[in-house]
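> Structure for this input, please:
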Amino acid sequence: MNGAVLIDKPKGWTSHDVVNRWRKLAMTKRAGHLGTLDPMATGLLVLVTGNATRLAQFYGKADKTYLAEITAGKVSDTYDAEGQITEIAGELPPDTAIADALQSFQGRFWQTPPPVSAKKIAGVPAYKLARKQVPVELKPVEVEVKRLEIRSVAQGKITALIQCSSGTYVRSIAHDLGQRLGCGALLSALRRIASGEFTLERARTLEELRELTELGRLAEAVIPSSELLPDIPAAYLDAAWEARVRAGNNFRTSPFVVPPGAPLVKALSYSGDLIAIGQLKIPNLYHPGTVL
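Residues are numbered from 1 along each chain as shown. Below is the predicted model of the structure:
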C-alpha cells in the first residue's frame, strides 16, 4: 500500500498517535503525516504510507483550510482552550467590532508562533521548554491568510473559515485578535477541512479504518501514489525505460505530453505505478531525483 491516507482526526489525539494507529492497522513502519494537528483540533490529517513517504518533500508549502471558533474575553498560555485560561473582566466589544478586527488579518503579515508550539529553539521544540518554564522567545515569521470568511458572530464568539499558508498558527491569530481588541481571545475549536489537494470529504475515521482492516479491505483507504501531486505533468515509460530510471538514468519526455520547461514530471509505468519524480535538466530531459 503506497500512497496517501486521509484521516478525520478525533479530538484529544496527537498527530503522532494517529500515525501509530495507522502503522498498526497497515502493519508497516513506513508512514508519516503531512502537517501536524494539535490534540484539541479535529479534521483532516494527511498521511503518506509505504514508498510514498518519499513524496512528503513536495507538500511542505501546501495551504491549509480550517473552520475556527474564536472566543473573546478569555486568554490562555497556549492561545487555545487547552491551556491555563484566564477570564478578562469588562464588557466585550460589539460583535461587529470583533468581526471587523478579525477581517484585518487577511493578506500577508508577520506572526509570532505560540510559546507552546512545535517550533524549535536550538533544536528543542518550544513546547518542551515552556513546560519546563524556560523562557521562550520565538521570532516572527511571515504568513499569509488567503481567504477569511466569517460564518457567525454571537456573544463574543466567532466562527470563521480560514485558508492560510503552511506554518500559520490559527491560535496566534486568535490571540493577536484579542490583543488588538483589548479584551483577550483564544481559539476554542478548530477543524481542518482541506490541506493542499486533499479535502475532508474523502477522509475516514479511525473506526472506519478499523472496520476496513477487519474486512481485509484497508487498501481501499489508500490514494495511489500515481494520483498524488496532480499539478505535476505525467509521462509514461515502458518496462525498459522504467528499469533505467530506477537505476538513476536521465529520461526524456515528449514536448506534446510534458510542456517544455516544466520543472518536475511524474514518471509512470504503463500499469499506472509512480516510478519517480523527475527534475528538469534541459527542456524535456529529466533526472529521477526521487525514485519510488
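> quick one, longest strand in the chain?
For the chain, the longest strand by residue count, based on DSSP state E, is strand 141-154.
> In CSV, could you pull the C-alpha coordinates for the helix or strand following it?
Next along the chain after strand 141-154, taking DSSP states H and E as the criterion, comes strand 157-164. Written as CSV, here are the backbone C-alpha positions of strand 157-164 (Å, rounded to 0.1, in the frame of the first residue of the first chain):
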residue,chain,number,x,y,z
LYS,A,157,-17.8,34.1,19.8
ILE,A,158,-16.8,34.0,16.1
THR,A,159,-16.8,31.1,13.7
ALA,A,160,-14.7,31.6,10.5
LEU,A,161,-13.3,29.8,7.6
ILE,A,162,-9.6,30.5,7.2
GLN,A,163,-7.4,29.4,4.3
CYS,A,164,-3.7,30.1,5.1
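> and the end-to-end length of stretch 48-58?
12 Å (CA to CA, to the nearest Å).
> May I see the buried residues of that stretch?
Residues of stretch 48-58 classed as buried: Val48, Thr49, Gly50, Asn51, Ala52, Thr53, Arg54, Leu55, Phe58 (neighbour count, 16 or more other CB atoms under 10 Å). Where you see a C-beta, it was placed from the backbone N, CA and C, and this is true even at glycine.
> now swap in stretch 105-112 and tell me
Phe105, Gln111, Thr112.
> that older thread, so what strands line up beside the longest strand of the chain?
Partners of strand 141-154 in the sheet, by DSSP bridges, are strand 107-111 (antiparallel), strand 157-164 (antiparallel).
> Nearest to Arg246, out of those strands?
strand 157-164 (38.1 Å; CB to CB).
> Tell me which residues of the closest one come out buried.
Lys157, Ile158, Thr159, Ala160, Ile162, Gln163, Cys164.
> Could you tell me the model confidence score at the second one?
What that stands for is Ile158. The model reports Ile158 with a pLDDT of 95.
> Would you confirm that it contacts Ala99?
Yes: using CB atoms under 8 Å, Ile158 is in contact with Ala99, at 6.6 Å.
> what's the overlap in contacts for the two?
Ile150 (CB atoms under 8 Å, 6 or more residues apart in numbering).
> before we move on, the earlier item: in JSON lines: the strands paired with strand 141-154, plus distance to Thr86.
Formatted as JSON lines, those follow (distance: least, CB to CB, whole Å):
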{"stretch": "strand 107-111", "distance to Thr86": "22"}
{"stretch": "strand 157-164", "distance to Thr86": "17"}
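> of all those, which lies closest to Ser195?
Closest approach to Ser195 among these is made by strand 157-164 (10.6 Å; CB to CB).
> Skipping its backbone neighbours, what lies nearest Gln279 in space?
Counting by CB to CB, 6 or more residues apart in numbering, Gly289 is the residue found nearest to Gln279 once chain neighbours are left out, at 4.2 Å.
> Counting neighbours, which bits of the one helix or strand that neighbour maps to end up buried?
Here Gly289, judged by DSSP H and E, is contained in strand 285-291. Residues of strand 285-291 classed as buried: Tyr286, Pro288, Thr290, Val291 (neighbour count, 16+ other CB under 10 Å).
> Could you do stretch 223-233 as well?
Ile223, Ser225, Ser226, Leu228, Leu229.
> Span of it from start to end?
OK, stretch 223-233 end separation, CA to CA: 18 Å.
> Ok, stretch 93-113 next?
Length of stretch 93-113, first residue to last, CA to CA: 25 Å.
> got a list of contacts for stretch 233-253?
Under CB under 8 Å, 6+ apart, the answer for stretch 233-253 is 226, 254, 257-259, 262, 265-270, 275-276, 278, 281, 284-288, 291.
> which of these are buried?
For the contacts of stretch 233-253, buried by 16+ other CB under 10 Å: 226, 258, 262, 265-269, 275-276, 278, 284, 286, 288, 291.
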